[in-house]
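Participant: Kindly generate the corresponding structure for this input.
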Amino acid sequence: MSEQRRGERLDQPRAPRGLHLPRIDADSFGRWAEGIARGMGTANFLVYMTLILAAWFLWNTLAPAHLRFDPYTFTFLTLVLSLQASYAAPLILLAQNRQADRDRVSLDEDRRRATMQKADTEYLAREIAALRIAMGDVATRDFLRSELTRLAEELDEAAERRRKLERRQQGRGQQDRGTRRPAGGHPLDEPRDELDGDYAHDARHQSPT
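Facilitator: Have a look, this model is predicted:
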């Protein structure tokens, strides 16, 4: 009595009662059904089935009466074909359902990848736009090339002006050397000019005494 009460405790789940059906692996059964449906949808199945039916008809028509196992009206053949059709339809539907599930998963994966690619494309577009804006304030190769060309031209012009100035200074130096007194004079002689009265002094020396 105590053991019976101990087995009916409320803190323990009650064992299910009723008919226990065998558990079938849906994935394995589905692969098996797909294999059958794939085999029934081939030309080999149609050729073999046609040969079997022809042999069935010929045997049960031309064979001796005591050897015919399914005489005319072919009742047993009708039963076999009915069983085949009754099992083929669910197997084909099961294969189609599995293929539809795979297609749905594939479509979901494609949609997810398309969404990710769209997000990546938008991100790259924003980054490229930001880089273009940033590159607007950066010196480009063409800009540097033009600036260097302009600087080289300015340096050439400055060098040409310097050469002209040197030639001009050399010409002035030659003119200054030409206006000096001849050699043999006092080393501190200055150029002759009217301010110092050189020409008036020469006139007094040349006047008759």
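Participant: Below-threshold pLDDT in this protein: ranges please.
Facilitator: 1-9, 13, 15-21, 137-139, 176-209 (pLDDT under 70).
Participant: That one: helices as residue ranges?
Facilitator: 2-7, 26-40, 43-62, 75-135, 141-178, 198-206 (DSSP state H).
Participant: Redo those as a markdown table? Include mean neighbour count and distance to residue 69.
Facilitator: The way it works is simple: take the backbone N, C-alpha and C, and place the C-beta from them, glycine included. Compiled in a markdown table, these are given as follows (neighbours: other C-beta atoms under 10 Å; distance: least, C-beta to C-beta, whole Å):
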| stretch | mean neighbour count | distance to residue 69 |
| --- | --- | --- |
| helix 2-7 | 8 | 58 |
| helix 26-40 | 14 | 25 |
| helix 43-62 | 12 | 7 |
| helix 75-135 | 11 | 7 |
| helix 141-178 | 10 | 95 |
| helix 198-206 | 9 | 162 |
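Participant: Quick one, which of those gets closest to residue 68.
Facilitator: Proximity to residue 68 (C-beta to C-beta) singles out helix 43-62 among the helices of the chain, at 4.8 Å.
Participant: quick one, that closest one and helix 26-40 angle?
Facilitator: Here helix 43-62 points in a direction 70 degrees away from that of helix 26-40 (axes from the mean of the first three to the mean of the last three C-alpha atoms, to 10 degrees).
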